[in-house]
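> I'll drop the sequence and a predicted model, then ask my questions.
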Amino acid sequence: MRMNIHFKNRVACIGAGLTLFRRRLFETPRELAWEAAKQALENAGMELKDIDCVVFGSAPDAFDGIHMQGEYMVDGAGGYKKPFTRVYVGGGTGVFSVIAGWWHVASGLCDKVLVVAEEKMSPALPHPQYVFHHIFDPITDKPLGVNLIWIFALEMHRYMYKYNIKKEDIALVSVKNKRNALDHPAAQLGAKITVEDVLNSEVLVWPVQRLDISPVSDGAGALILTSEEYAKQYTDTPVWIDGVGWNLDTTYWTNRDLAFPKYLYYAGKMAYRMAGIHNPRKEIDVAEVYDPFDYKELHHMEGLQLARKGEAPILTREGVTERDGDLPINPSGGLLGVGNPIAAAGIMKVAEIFWQLRKEAGKRQVAKDPTTGLAQAWGDLMQIGTVVIMRV
Amino acid sequence: MILLGRDVAIIGIGSTNYTPMTTEYSYKELMFEAALKAYEDAGINPRKELDALVTAAEDFWEGVSIFDEYIPDQMGAVLKPALTVSGDGLWGIIHGYMLVKTGYFDIVAVEAHSKASDIDNIMDVWRIALDPHYHRPIVDNVHMFAGLEMMRFMEEYNVSREALSMIVVKNRYNALYNPMAPYGTKTDIETVSNSEVVSYPLRKMDISEYSDGATVVVLASREVAEKYDKEPIWIEGVGWISDSPNIEEWDLACPSHVVLAASMAYSQANIDNPFKEIDLAEVDDRYSYREFQSLVALDLTNGYMMDELVFEGVISPSGELPVNPSGGYLGMGYPLEAGGLVKLYNAVVQLRGEAGPMQVGDVEKAVVMTRREFPSPSSAVVVLGR
């Protein structure tokens, strides 16, 4: 891996689009993808014929129930008669598809790339959680009857135990994010709730309770990435992708210390090095970290060096992570508030940073004047971290 | 799109043998064997020197959701940037190529594998790929699409049944010289032409059988490749295009996605007259007629009729343009997503002049092309040079 002085082509983000995030949307996967793509194109002032390459992101095929889902989505995602690929890294796919779009441009092979991510979780019956049963090792894990909530309960417990964190502090994340989501036009679960509501909600797998978790959602998101030359043609306010990083840990999640996400630490380091960031806590102005569960926001802040180990709950309690705080985290409302259509949720995070840096976030705009933002997602078997750093 | 030049080289290749059935190994062990050979060939220590790993795989072939979870350990890529492309291995190569071209990555490994023999009901899995509303209810067998395409192609390009059978005879004979290929045999036109009808005019022997195996290719930047003791093989051009997913909208005689992908790759590689400049073609031959159809779309026929190409030996290993001297899918078996990577492997072996009895003479430039199968509307083309 080399330092950022060697970069050849700078990559800009010039448009973003997002559909509503809802459970049981009527649109087909193709329709959802196109709705988001069209918005992004209009936002950037482009037409589909201006696009060189298309990158599509979607987590497991099993949600949409279509094998080789990328191929099925070609026209919906705008890839008709264009170079088109689907990439996936599980839950991290949303932010990862932006990284894939980045290398299409950074390699010099494409100038204008449309990145689309779509997920329709709700068709899975009786519940999408059953699909997650099939992500586990068929020999060693699956016979135990595991699902995702089960292993995240293990991780949450370990995290709470190691740093002596109280559930009340973790619940604050859910309260903050759901409140932030009230201002997001696409949000599924914006709400005014209290810490007591979280602590009194139904226990799913101790210590995970219903309000600790993001919902089942359908939705799609899209971004337009271009080379420096074209960015200047289309807009006066491009947002630059200055750093990307991703890192995959071992399959054997049972052999890791669950209290600290080492893979994310490495992914963050890669992105920081590329962007020339030495002190992330000081230099990052606003961050969208992945929060499918409330403790994950804290966990990921520590992995990204935005807080010291065990410090994230304290920052949250002190209001540092609020929109008007010193380090606003998830001003969009995150997955807990806006919704979690897996891959699309990652694009939602990058799009939020795009809007925040362009000062177009409206009521969600953070109080400080942000110049550097970070979006992150996480996936597979608690295994991969994907990071994008953007600047104006 | 801009002109590219020689920035990315192939410095290592490794592959298991391809077999109709692998009861003794898991896919992880197959991947490990191929990776070990490739890293050995490249002379690298993956734990220290590998910058990124690209795997090409599809969940439903593997029987798990989010297959990306299962790739790092056996590839020596734990705690490294690793990703999965849902596509054929050739798309993996294209993404690895772009990663190196960004300037941030020096050594990238690309992996693809097949464990088709583990899939009990492979035709049902193919059917799940069909549009759930329009196609799935009426299509029992995806070979039906091949039947339609074959009919249309034979009509448009005036191809005889014998010429198609001869492709099968040629490729399966070529495979006899390929130590990795399981389906090598001496057969004749009569046997192929009289084999059982699957979807008229497609017959059983027109279709390649499935095979298992894994292949790994190591890509490197120019700086690294120039320090390397073997002669590097350069990636000179890449192209990949998807058409409409609705099969009724395709040009069944000559697939436009292959034509577009080829022109993208040729323009990057500065190729004006493909037939003259290219010495070897490893092209899609999942079905017998596909080999002709691929040559037409890749502009590699030089005005010959299809029957002339095969009966006058133009595309035989000793001909003007050797096509699939490895035996292609008909001889090697169709290894699902590993298909393109196996073809690339065989092209690299030829370019290096290490193909032994398979060697077709001095190869300077080769083209590798594969399609993803029905109902996929996608194809990829890679031009390699010495």
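Looks like it came in fine. What you see is a predicted model, and the numbers here were worked out from it, not measured in a lab.
> By mean pLDDT, point me to the weakest helix or strand of chain B.
Within chain B, confidence by mean pLDDT, DSSP states H and E is lowest for helix B:222-226 among all helices and strands, at a mean of 91.
> Quick check: next helix or strand after it?
Counting by DSSP states H and E, the next helix or strand C-terminal to helix B:222-226 is strand B:233-242.
> got the buried residues for that next one?
Neighbour-count burial for strand B:233-242 flags B:233-242 (criterion: 16 or more other CB atoms under 10 Å in any protein chain shown). For every residue, glycine as well, the C-beta is placed using N, CA and C.
> I'd guessed A:Trp150 sits against A:Val205; true?
Yes - using CB atoms under 8 Å as the test, A:Trp150 is close enough to A:Val205 to be in contact (5.4 Å).
> what distance separates stretch B:98-114 from the middle of the whole chain?
18 Å (CA atoms, centre = their mean, to the nearest Å).
> Can you get me the start-to-end distance on that stretch?
24 Å (CA to CA, to the nearest Å).
> Contacts only, for whichever residue of the stretch 201-350 of chain B sits closest to chain A.
Residue nearest to chain A within the stretch 201-350 of chain B: B:Ser242 (4.0 Å; CB to the nearest CB). B:Ser242 makes contact with A:71, A:74, A:79-84, B:257, B:376-378, according to CB atoms under 8 Å, 6 or more residues apart in numbering or on different chains.
> Buried members of those residues into ChimeraX, please.
In ChimeraX syntax, the buried subset of these is picked out as below (16+ other CB under 10 Å):
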select /A:71,74,79,80,82,83,84 /B:257,376,377,378
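> Can you add pLDDT and secondary structure and give the contacts of B:Ser242 back as CSV?
Formatted as CSV, these follow (pLDDT from 0 to 100; DSSP: H, G, I helix; E, B strand; the rest coil):
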residue, pLDDT, secondary structure
A:Glu71, 92, helix
A:Val74, 93, coil
A:Gly79, 93, coil
A:Tyr80, 93, coil
A:Lys81, 94, coil
A:Lys82, 95, strand
A:Pro83, 96, coil
A:Phe84, 96, strand
B:His257, 95, helix
B:Ser376, 89, coil
B:Pro377, 90, coil
B:Ser378, 94, strand
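> Closest to A:Ala40 out of the contacts of B:Ser242?
Nearest to A:Ala40 among these, counting by CB to CB, is A:Gly79 at 14.0 Å.
> And for that closest one, nearest residue in space, chain neighbours not counted?
For A:Gly79, ignoring the flanking residues on the chain, the nearest one in space by CB to CB, 6 or more residues apart in numbering or on different chains is A:Val54 at 3.9 Å.
> got the residue ranges for the strands in the stretch 251-392 of chain A?
Secondary structure of the stretch 251-392 of chain A (DSSP state E, counting those that start in this stretch): strands at A:286-288, A:372-379, A:384-391.
> now for those strands, which one comes closest to A:Tyr230?
Closest among the strands of the stretch 251-392 of chain A, using CB to CB: strand A:384-391, at 17.2 Å.
> right, is that closest one up against chain B?
Yes - for strand A:384-391, a contact with chain B is found by CB under 8 Å from any CB of the partner chain, at A:Ile384.
> which neighbours does that strand have in its sheet, and in what orientation?
Next to strand A:384-391 in the sheet, as set by DSSP bridges, lie strand A:239-248 (antiparallel), strand A:372-379 (antiparallel).
> Kindly reformat those strands as a markdown table containing mean neighbour count and mean pLDDT.
Formatted as a markdown table, the strands paired with strand A:384-391 follow (neighbours: other CB atoms under 10 Å in any protein chain shown; pLDDT from 0 to 100):
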| stretch | mean neighbour count | mean pLDDT |
| --- | --- | --- |
| strand A:239-248 | 25 | 95 |
| strand A:372-379 | 28 | 95 |
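> Write out the residues of the stretch 251-386 of chain B neighbouring chain A.
B:256-257, B:260-261, B:264, B:372, B:375-378.
> follow-up on the earlier one: out of the strands paired with strand A:384-391, flag the one nearest B:Thr301.
Across the strands paired with strand A:384-391, closest to B:Thr301 is strand A:239-248 (CB to CB), at 42.9 Å.
> Quick one: distance of the closest one to the chain centre.
13 Å.
> Export the one helix or strand A:Asn177 maps to to CSV, keeping only CA atoms.
Secondary structure from DSSP H and E places A:Asn177 in helix A:167-181. What follows is helix A:167-181, C-alpha atoms only, in CSV (Å, rounded to 0.1, in the frame of the first residue of the first chain):
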residue,chain,number,x,y,z
LYS,A,167,-27.1,-0.3,29.1
GLU,A,168,-28.4,3.2,29.9
ASP,A,169,-25.5,4.7,28.1
ILE,A,170,-25.9,2.5,25.1
ALA,A,171,-29.6,3.3,24.9
LEU,A,172,-28.7,7.0,24.5
VAL,A,173,-27.5,6.1,21.0
SER,A,174,-30.9,4.8,20.0
VAL,A,175,-32.6,7.8,21.5
LYS,A,176,-30.3,10.2,19.6
ASN,A,177,-30.5,8.5,16.3
LYS,A,178,-34.3,8.0,16.2
ARG,A,179,-34.7,11.7,17.2
ASN,A,180,-32.3,12.8,14.4
ALA,A,181,-34.2,10.7,11.9
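> Show the subsequent helix or strand relative to it.
helix A:195-200.
> Toward the C-terminus, what is the element adjacent to that next one?
Going down the chain from helix A:195-200, the next helix or strand is strand A:203-205, by DSSP H and E.
> how about the least confident helix or strand of chain B as PDB, C-alpha atoms only?
C-alpha atoms of helix B:222-226 as PDB (Å, rounded to 0.1, in the frame of the first residue of the first chain):
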ATOM      1  CA  ARG B 222       4.800  -2.400 -13.500                       C
ATOM      2  CA  GLU B 223       7.300  -1.600 -10.800                       C
ATOM      3  CA  VAL B 224       6.900  -4.900  -9.100                       C
ATOM      4  CA  ALA B 225       6.600  -6.900 -12.300                       C
ATOM      5  CA  GLU B 226       9.900  -5.500 -13.700                       C
END
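> Could you list every helix and strand that it packs against?
strand B:8-15 (3 or more CB pairs under 8 Å, 6 or more residues apart in numbering or on different chains; DSSP states H and E).
> Tell me if the strand it packs on is near chain A.
No - Strand B:8-15 lies out of reach of chain A by CB under 8 Å from any CB, never closer than 9.4 Å.
> Output the contacting helices and strands for that strand.
helix B:27-42, helix B:89-101, strand B:212-221, helix B:222-226, strand B:233-242, helix B:339-352.
> can we see that at 6 Å?
helix B:27-42, strand B:212-221, strand B:233-242, helix B:339-352 (3 or more CB pairs under 6 Å, 6 or more residues apart in numbering or on different chains; DSSP states H and E).
> before we move on, back to that, can you convert the buried residues of strand B:233-242 into CSV and add a column each for distance to B:Ala146 and pLDDT?
What follows is these, written out as CSV (distance: CB to CB, whole Å; pLDDT from 0 to 100):
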residue, distance to B:Ala146, pLDDT
B:Ile233, 32, 95
B:Trp234, 34, 95
B:Ile235, 30, 96
B:Glu236, 31, 95
B:Gly237, 28, 95
B:Val238, 26, 96
B:Gly239, 23, 96
B:Trp240, 22, 96
B:Ile241, 20, 96
B:Ser242, 19, 95
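> do you know how far the nearest residue in space to A:Leu172 that is not next to it in sequence is from A:Val173?
Leaving aside its chain neighbours, A:Leu172 sits nearest to A:Thr316 (5.1 Å; criterion: CB to CB, 6+ apart). Going from A:Thr316 to A:Val173 by CB to CB, to the nearest Å gives 6 Å.
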